[in-house]
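Engineer: kindly return the folded structure for what I paste below:
(one chain, ligands or ions: 1)
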Amino acid sequence: MSQKTVDFSSLEIWFVTGSQHLYGPETLKKVQEHATTIAQALAASPGIPVKVVCKPVMTSSDSIYQLCQEASSSKGCVGLITWMHTFSPARMWIAGLRSLSKPLLHLHTQFNQELPWSTIDMDFMNLNQAAHGDREFGFIGARMRLKRKVVVGFWQDTAVHSELGSWIRAACAWHDAQQLRVARFGDNMRNVAVTDGNKVNAAIMLGYTVNGYGVGDLVKHVQQATDSQVEALTDEYDQTYTVTESLRLGGSRRQSLQDAARIELGLRSFLEDTGAHAFTDTFEDLHGLKQLPGIAVQRLMADGYGFGAEGDWKTSALVRAVKVMSHGLDGGASFMEDYTYHLKNDGQTLGAHMLEVCPSIAEGKPTVEIHPLGIGGKEDPVRLIFTAAPGKAVNASVVDMGNRFRLIVNQVSIVRPEHALPKLPVARAVWKPEPSLKVSATAWILAGGAHHTALSRALTSEHLENFAEMAGMEYLLIDCDTTVRGFKNELRWNDIYYHLEPGL
Ligand code: MN
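Structural biologist: This next block holds a predicted model:
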């Protein structure tokens, strides 16, 4: 799924090989050759989503420091992959790594896959010594308490490419978060706790900024949309979706579709003007808007914008991160809410929202419909209706625990609903949470997970775990191996860990 607001074409990962002068120029030339070969192989792999730039072999603390400075200030570099083909005394790396502000991955590989049993000599041993060179490098990472990912395996293995790719996707989302602006129309839904939090902490720890705007600022953009723009957009709706009869050209409620299109045009132009790639709204503050934005929000999410309803800026930023991470992958992602249950057998969740579910997760062509909305006191909103395609998915929530952000991820299987849902006027996804609804919901509630989530059919928990580690967020996974007893212990131990962590 490609999103218009996500672009990987200018992003790069730097491949950095460490060595030292001890071995002489001939060996260093070989090291550089091998590093270039590996970097080129990674660049050509379909599992690696960005450009791979091979840097010169590092042999001194000065060049390492300079490289880390360049990486930290580079607009396109999303992270470093490091590898010690030979031995690179790690004190040389301290100054550089201290100053590095980009994510770090340590690839523990070897240029030769097989031991050349019959020909192996000391020259081979001196060149192919990552087995101990990478341990020296590993020590300095541990000693400096660096956040880092370690990937072990042969550099041609697709499993290794997939691990690298997952981490690189997380690094792209982390890179995006550092300049992300979340626009909020209105505040939080009154008195709701879990969707609120500390925006200053978010800027310090996660990078993104959250800025409030009066809904009147949006209304101005809505009013500025021209009739011809509205006509072009309603034409696009007609061509892209199955539009219900009353909303069609000449239908009794065509005006409502035009109003919805005008809201979409206004929202788009507002977000483009402010440079925001994520936003929130709330049904409690819609002054001057005819409808709660429905189809507008749904289509903006499909273009890669993050969204959270009822002022939920944390979920909006998470949806954006998930959109960036899944760029170019099949499956889609959406803002979601655990809405209601089927409590038979192992249990199922029916996820939906008042309107705002992204059509990137749809099975088949969505319909455009209009139905009354019980709350908000506005005109009936136009929305896309569909059912999510079946398959594996992850459902994730971020909450503010005061001294840290916590990311809770549940592995789920989206299923086709057992029966038709002819009266349900919103887009929906029905899923079975792992390991069962009983254990999943117990763990989720003990962890304080929100009702609002980001649901992705394209990502795995590995992407989200990588992202959480880069962001310094607590990471809790609920999957087939989860037990309530084990999960409770994890919560207790994590509370102690995050209390002590500043002193580690
Ligand atoms: Mn909600």
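Engineer: CA only for contacts and neighbour counts going forward, please
Structural biologist: Fine.
Engineer: can I get the CA coordinates of the strand or helix carrying residue 17 in PDB?
Structural biologist: Per DSSP states H and E, residue 17 falls inside strand 12-17. The C-alpha coordinates for strand 12-17 follow below in PDB (Å, rounded to 0.1, in the frame of the first residue of the first chain):
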ATOM      1  CA  GLU A  12      19.200   6.000   3.200                       C
ATOM      2  CA  ILE A  13      20.800   3.600   5.600                       C
ATOM      3  CA  TRP A  14      24.500   3.800   6.100                       C
ATOM      4  CA  PHE A  15      26.600   0.600   6.000                       C
ATOM      5  CA  VAL A  16      29.600   1.200   8.200                       C
ATOM      6  CA  THR A  17      32.500  -1.400   8.500                       C
END
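Engineer: report the distance from it to the chain centre.
Structural biologist: Offset of strand 12-17 from its chain centre (C-alpha atoms, centre = their mean, to the nearest Å): 22 Å.
Engineer: strand partners (parallel or antiparallel) of it?
Structural biologist: The strands that strand 12-17 pairs with in its sheet are strand 51-54 (parallel), strand 77-83 (parallel) (by DSSP bridges).
Engineer: phi and psi next, for the closest residue to residue 470 other than its chain neighbours.
Structural biologist: Distances taken as C-alpha to C-alpha, 6 or more residues apart in numbering put residue 103 closest to residue 470, at 6.5 Å, once the chain neighbours are dropped. Dihedral pair for residue 103: phi -60, psi 150, per degrees, to the nearest 10.
Engineer: any buried residues in the helix or strand of the chain with the lowest mean pLDDT, and which?
Structural biologist: Every helix and strand in the chain was compared by mean pLDDT, DSSP states H and E; the lowest is helix 122-127, with a mean of 92. Under the neighbour-count criterion of 16 or more other C-alpha atoms under 10 Å, helix 122-127 has residue 127 buried.
Engineer: same deal with stretch 110-124?
Structural biologist: The neighbour-count check on stretch 110-124 (16+ other C-alpha under 10 Å) flags 110, 111 as buried.
Engineer: try stretch 240-254
Structural biologist: Across stretch 240-254, burial judged by 16+ other C-alpha under 10 Å covers 242, 243, 246, 247, 248, 254.
Engineer: so the residue lying farthest from the centre of the chain, which of the three states?
Structural biologist: For the chain, the residue at maximal distance from the C-alpha centroid (C-alpha atoms, centre = their mean) is residue 118, at 48.4 Å. Put simply, residue 118 is coil when judged by DSSP: H, G, I helix; E, B strand; the rest coil.
Engineer: distance check, it against residue 124.
Structural biologist: 12 Å (C-alpha to C-alpha, to the nearest Å).
Engineer: so which residues of the stretch 51-200 of the chain form helices?
Structural biologist: Under the criterion DSSP state H, counting those that start in this stretch, helices of the stretch 51-200 of the chain are mapped to 61-73, 94-99, 122-127, 130-143, 158-177, 199-206.
Engineer: gap between the helix or strand where residue 29 lies and the chain center?
Structural biologist: For residue 29, the host element (DSSP H and E) is helix 25-44. Centroid separation for helix 25-44 versus its chain: 32 Å, with C-alpha atoms, centre = their mean.
Engineer: what is the rounded mean pLDDT of it?
Structural biologist: The average of the pLDDT scores along helix 25-44 is 97.
Engineer: so what touches it?
Structural biologist: Residues outside helix 25-44 that contact it (C-alpha atoms under 8 Å, 6 or more residues apart in numbering) are 15, 17, 19, 21, 48, 50-54, 56-57, 85-86, 111, 127, 155-156, 161.
Engineer: what about 6 Å?
Structural biologist: Helix 25-44 has contacts (C-alpha atoms under 6 Å, 6 or more residues apart in numbering) with 51, 52, 54, 57.
Engineer: which residues does residue 319 contact?
Structural biologist: Residues 306, 454 are the ones in contact with residue 319 under the rule C-alpha under 6 Å, 6+ apart.
Engineer: and the strand or helix carrying it, which residues are buried?
Structural biologist: Using DSSP H and E, residue 319 maps to helix 313-325. Neighbour counts over helix 313-325 (16+ other C-alpha under 10 Å) mark 313-325 as buried.
Engineer: ok, those vs residue 74, which is closest?
Structural biologist: Compare each of the buried residues of helix 313-325 with residue 74 using C-alpha to C-alpha and the shortest gap goes to residue 324, at 19.1 Å.
Engineer: was I right to think the closest one contacts residue 173?
Structural biologist: Yes. Counting by C-alpha atoms under 6 Å, residue 173 is a contact partner of residue 324 at 5.3 Å.
Engineer: look up the pLDDT of the closest residue to residue 20 other than its chain neighbours for me, please.
Structural biologist: The spatially closest residue to residue 20, leaving aside those adjacent along the chain, is residue 59, at 4.2 Å (C-alpha to C-alpha, 6+ apart). We note a pLDDT of 97 for residue 59 in this prediction.
Engineer: if I look at residue 59, how far off is residue 18?
Structural biologist: Counting by C-alpha to C-alpha, the gap from residue 59 to residue 18 is 6 Å.
Engineer: neighbour-wise, which of those two wins?
Structural biologist: Per other C-alpha atoms under 10 Å, whichever of residue 59 and residue 18 has more neighbours is residue 18, with 29 against 20.
Engineer: sweet, I'm off.
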